[in-house]
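K.L.:
Please work out how this folds:
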Amino acid sequence: MVDIDAPVSKRRRRRRILIASGVAVLVLAGSTAGAGTYYFDQVALPEDIAMAQSTTIYYADGVTPIARIGDTNRTVIPLDEVPVDVQHAVVAAEDPTFYSNDGANWTGHPTISQQYARRWADLAGDGYSTRARVAVMALKLNQQYEKPKILELYLNISDFGRGAHGIQAAAQAYFGKAAKDLTTAEGIVLAGLIRDPGAGPDRARFDTVKRSMSKLGFLSGDVAYPERIRTADEARSDADALKAALDGPNGLVVHHVLGEVAALPDPRTGEPLYPDRAGQIRNGGLKIVTTIDQRVQDAAVQSAKSVMQAQPVNLQAALVAVEPTTGAVKAYYGGDQGSGGDYAGFYNDPVLSDGNDSCCGGHPPGATFGVYALAAGLMDGYRTDSGWNGESPQRFAGGRIVTNTGEGAAATPACRSGSPKWCTLDEAAVMSLNTPFYGLTEAVGAAKVVDVAHAAGVTTMWATVDNRVRRVDLARPEGLFGTEVGIGQYPVTVLDQAAGMATFAARGLAARTHFLKEVWTDRKKTYGEVIRTVRIPGVSERVADDVNAVLQGVPVRYGLGLADGRPVAGKTGTWQLGPTTGIAHAWMVGHTASNPELKSPGLAAAVWVGNKAEERVLLDRAGRPVTGVTLPGTLWRTFMDAALTAVAMPAVAFPPAAGAGEKTVGTGVR
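P.N.:
Below is the predicted model:
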């Protein structure tokens with residue numbers, strides 16, 4: 001018998017000798033207790049007590065999940081998030097002497113410490129050697145950790161069936177709630193699952209655990225069996241929905257946000273914050289909060305489906321919405337398949353897709369790119385009512401022949417008393433006339449238009465270099481873009497176009513577009529979005545106000561105004577199929593006014609409609625040509641109506657035109 005009055009250190013030495021002797025009996029079958037002591041000293045605890053757990057990606061509210069990734073359905077939680085009655089139920093079911101024992105039971109059912117040690121070290125088998133090793137590890141656990149910590153580790157590592165590892169995942173799988181909200185009865189059900197997780201909830205086992213709790217003084221009075229336990233199909237449906245999200249439209253959102261998480265630098269060293277991307281991001285139990293507003297995202301996906309569902313199967317739409325002044329992506333629809341082509345942009349996700357860029361994201365923007373040429377012209381001193389030659393076709397310097405297409409393909413544009421040769425920039429923009437904007441770009445210089453677009457949020461464009469099309473970072477445009485940039489020849493992404501419109505909605509203040517709002521690791525925020533706005537160099541509020549004044553005429557002319565009558569600015573555009581006059585790409589981009597002080601940050605959206613694969617002339621289900629006004633315009637208006645209604649954003653007016661610039665005649669007039 002151990003002398004309880006002996007000093008603590010002396011009692012521990014005696015206990016260690018007894019333990020070592022027991023180990024020697026198990027392992028060495030009759031060898032000396034000294035050999036057992038040596039064995040005890042040689043068994044080491046694993047250094048890393050981290051458990052693989054799933055990472056969850058959330059909408060901007062930080063509560064509603066978009067998707068879950070990872071190899072193990074587990075969310076590690078601290079013990080204080082598990083009700084005491086639930087803790088007691090587990091102790092009563094698995095280790096009634098847990099609070100008083102040394103961690104090892106040499107003959108009967110293994111203790112909580114032994115069960116945890118076996119799972120922690122991933123020890124299989126039931127031979128003497130394995131049992132001895134597990135026992136020693138359990139004893140050392142109790143020397144190194146307090147009982148509450150051991151119970152916390154055990155609750156998080158245990159298998160509860162239905163693919164649920166840990167008490168948090170189990171609470172969701174069986175009761176559709178967090179562990180902190182479990183009732184006593186629900187805790188007893190879960191405690192009864194640990195010994196045989198594959199058997200499922202059992203009333204007899206419930207009664208057994210309840211009697212054990214009463215015997216231990218953990219329970220007074222009766223507790224009834226829960227009336228409602230989720231079925232296995234319900235739990236599977238819930239889990240499958242979060243996995244299936246990766247295969248649907250929201251999967252593209254996940255790819256973009258994971259790309260941003262993987263690129264995060266450690267603020268202390270500048271090195272990657274998560275160098276082991278698969279382990280630390282995929283299986284690290286992160287809570288990743290995106291900028292995506294579920295209401296706006298739902299409006300985007302449903303609007304795309306409703307507008308495009310009856311159209312020819314070769315047609316594909318993409319839609320992106322960005323919040324002015326913050327650059328937060330509020331909705332992203334790049335297609336119906338999260339593992340397929342991204343028609344709204346491109347991502348580099350090393351967590352789920354081996355770091356490969358996705359396809360399909362760049363499309364010639366046509367006349368929608370004229371917004372940047374218009375701003376460049378105003379910066380250069382031209383007024384919105386300056387006169388330009390709108391004749392089509394028209395030969396420019398170098399022999400380039402430019403024609404008006406899409407909405408601007410009418411034989412005689414209604415410019416200044418019907419004259420096709422004398423159009424203002426205002427008229428040319430509203431009617432999508434290419435020839436005036438080619439002349440404007442020729443006058444101000446293609447480089448200036450590229451600079452404005454880049455500053456507004458267009459990060460990349462595609463150019464043909466050595467007979468190969470490649471993506472070009474506009475921070476280093478390399479002089480690859482000619483005058484055709486002013487009429488939208490060079491492909492850009494839908495995401496970048498939405499960013500550009502958001503900048504003009506914010507009166508020339510650009511913010512970096514982003515999908516990532518917060519990252520939480522072990523319940524600590526390790527990243528929070530930083531919003532920085534930068535004015536487009538040379539684009540004053542006066543210039544931006546004039547651009548917005550011009551663009552307000554487009555929805556009015558083509559019947560694309562919103563249902564509530566709020567002011568909107570927009571621009572349509574098309575690009576033809578090769579040398580033909582048929583249209584292969586059609587766009588509608590635009591925005592509402594932004595006034596954060598009135599709790600109306602505004603919303604900018606870009607819509608593209610084109611082909612899923614090989615380019616062909618765009619025809620709708622009735623065989624009519626698709627232009628910016630038709631399918632893209634309908635989708636843009638449908639989405640904006642639904643999204644602004646869903647978030648109840650107040651309507652605000654644009655500032656009036658400022659009348660910037662002094663030049664009234666363009667050098668492109670002939």
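K.L.:
Three-state assignment for Pro579, please.
P.N.:
coil (DSSP: H, G, I helix; E, B strand; the rest coil).
K.L.:
average pLDDT for stretch 214-227?
P.N.:
For stretch 214-227, mean pLDDT is 94.
K.L.:
which outside residues touch it?
P.N.:
85, 88-89, 91-92, 96, 175, 183-186, 188-189, 203, 206, 210, 213 (CB atoms under 8 Å, 6 or more residues apart in numbering). For glycine as for every other residue, the C-beta is placed from the backbone atoms N, C-alpha and C.
K.L.:
Return the subset of the residues you listed lying in helices.
P.N.:
Judged by DSSP state H, helices contain the following of the contacts of stretch 214-227: 85, 88-89, 91-92, 175, 184-186, 188-189, 203, 206, 210, 213.
K.L.:
tell me the contacts of the nearest residue to Gln168 once chain neighbours are set aside?
P.N.:
Distance criterion CB to CB, 6 or more residues apart in numbering; nearest residue to Gln168, sequence neighbours excluded, is Thr75 at 4.3 Å. Applying CB under 8 Å, 6+ apart to Thr75 gives the contacts Gln53, Ser54, Thr56, Gly166, Gln168, Ala169, Gly285.
K.L.:
isn't the fifth one right next to Asn73, touching?
P.N.:
The reference is to Gln168. No - Gln168 lies out of contact with Asn73 (CB atoms under 8 Å); the separation is 9.6 Å.
K.L.:
any idea how far Asp202 is from Asp159?
P.N.:
Asp159 sits 16 Å away from Asp202, going by CB to CB, to the nearest Å.
K.L.:
now swap in Ala586 and tell me
P.N.:
From Ala586 to Asp202 the distance is 61 Å (CB to CB).
K.L.:
more neighbours, the two?
P.N.:
Taking other CB atoms under 10 Å, Ala586 and Asp202 do not tie; Ala586 has more neighbours (30 against 14).
K.L.:
Need the phi and psi values for that one.
P.N.:
Here is the backbone geometry of Ala586 (degrees, to the nearest 10): phi -130, psi 140.
K.L.:
Repeat that for Gly479.
P.N.:
Taking degrees, to the nearest 10, you get phi 70, psi 30 for the backbone angles of Gly479.
K.L.:
Surely it is in contact with Val450?
P.N.:
No - using CB under 8 Å, Gly479 is not in contact with Val450, being 9.4 Å away.
K.L.:
Of those two, give the one with the bigger neighbour count.
P.N.:
In this view Gly479 and Val450 are compared by other CB under 10 Å, and Val450 has more residues nearby, 24 against 10.
K.L.:
Where do the helices of the stretch 51-200 of the chain begin and end?
P.N.:
Listed in chain order, the helices found in the stretch 51-200 of the chain under DSSP state H, counting those that start in this stretch are 84-94, 112-121, 128-144, 147-157, 167-175, 184-191.
K.L.:
could the ones you listed go into TSV alongside mean pLDDT, mean neighbour count and distance to Ala648?
P.N.:
Listed next are these as TSV, based on pLDDT from 0 to 100; neighbours: other CB atoms under 10 Å; distance: least, CB to CB, whole Å:
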stretch	mean pLDDT	mean neighbour count	distance to Ala648
helix 84-94	98	22	40
helix 112-121	87	23	49
helix 128-144	86	20	54
helix 147-157	95	21	41
helix 167-175	95	25	31
helix 184-191	98	26	37
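K.L.:
And those: which comes nearest Gly398?
P.N.:
helix 167-175 (65.8 Å; CB to CB).
K.L.:
Run the angle between that closest one and helix 184-191 for me.
P.N.:
On the basis of axes from the mean of the first three to the mean of the last three CA atoms, to 10 degrees, helix 167-175 is oriented at 110 degrees to helix 184-191.
K.L.:
Helix 167-175 - contacts with which helices or strands?
P.N.:
For helix 167-175, the packing partners by 3 or more CB pairs under 8 Å, 6 or more residues apart in numbering; DSSP states H and E come out as helix 147-157, helix 184-191, helix 232-244.
K.L.:
Nearest residue to Asn348 in space, please, no chain neighbours.
P.N.:
Counting by CB to CB, 6+ apart, Asn348 lies nearest to Gly259, which is 4.9 Å off, once chain neighbours are set aside.
K.L.:
Surely that neighbour forms part of a helix?
P.N.:
Yes - membership of Gly259 in a helix is supported by three-state DSSP.
K.L.:
Please name the residues that touch it.
P.N.:
When contacts are counted by CB under 8 Å, 6+ apart, Gly259 touches Tyr347, Asn348, Asp349, Pro350.
K.L.:
Tell me the confidence at the first one?
P.N.:
Looking back up the chat, that one is Tyr347. Model confidence at Tyr347 (pLDDT) stands at 93.
K.L.:
Isn't it up against Glu260?
P.N.:
No - counting by CB under 8 Å, no contact exists between Tyr347 and Glu260, whose distance comes to 9.1 Å.
K.L.:
so can I have a markdown table of the helices of the stretch 51-200 of the chain showing distance to Ala300?
P.N.:
Formatted as a markdown table, those follow (distance: least, CB to CB, whole Å):
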| stretch | distance to Ala300 |
| --- | --- |
| helix 84-94 | 41 |
| helix 112-121 | 44 |
| helix 128-144 | 51 |
| helix 147-157 | 37 |
| helix 167-175 | 28 |
| helix 184-191 | 38 |
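K.L.:
closest to Ala67 out of those?
P.N.:
When the helices of the stretch 51-200 of the chain are compared by CB to CB, helix 167-175 sits nearest Ala67, at 15.0 Å.
K.L.:
Can I get the closest one as CSV, trimmed to CA atoms?
P.N.:
Extracted in CSV, the C-alpha atoms of helix 167-175 (Å, rounded to 0.1, in the frame of the first residue of the first chain):
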residue,chain,number,x,y,z
ILE,A,167,-17.9,15.8,-30.4
GLN,A,168,-18.5,18.9,-32.6
ALA,A,169,-19.0,16.9,-35.8
ALA,A,170,-21.1,14.3,-33.9
ALA,A,171,-23.4,17.0,-32.5
GLN,A,172,-24.0,18.2,-36.1
ALA,A,173,-24.4,14.7,-37.6
TYR,A,174,-26.9,13.4,-35.0
PHE,A,175,-28.7,16.6,-33.8
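K.L.:
Run the chain-centre distance for it.
P.N.:
On the basis of CA atoms, centre = their mean, to the nearest Å, the separation between the geometric centre of helix 167-175 and that of its chain is 25 Å.
K.L.:
Give the burial count for Asp126, as a bare number.
P.N.:
Neighbours around Asp126, by other CB under 10 Å: 9.
K.L.:
Neighbour count: Tyr347 and Glu260, which is higher?
P.N.:
Relative neighbour count places Tyr347 above the other of Tyr347 and Glu260, with 25 against 19, counting by other CB under 10 Å.
K.L.:
For that one, give me phi and psi.
P.N.:
Here is the backbone geometry of Tyr347 (degrees, to the nearest 10): phi -130, psi 160.
K.L.:
for Leu252, same thing?
P.N.:
According to degrees, to the nearest 10, Leu252 has phi -70, psi -40.
K.L.:
Could you check how far it is from Ala344?
P.N.:
Computed as CB to CB, the Leu252 to Ala344 distance reads 7 Å.
K.L.:
Check Gly335 too.
P.N.:
Gly335 is 8 Å from Ala344, where distance means CB to CB.
K.L.:
overlap in contacts of these two?
P.N.:
Joint contacts of Gly335 and Ala344 (CB under 8 Å, 6+ apart) are Leu252, Ala318.
K.L.:
Looking only at neighbour counts, state which of these two leads.
P.N.:
Between Gly335 and Ala344, counted using other CB under 10 Å, the more crowded position is Ala344 (31 against 21).
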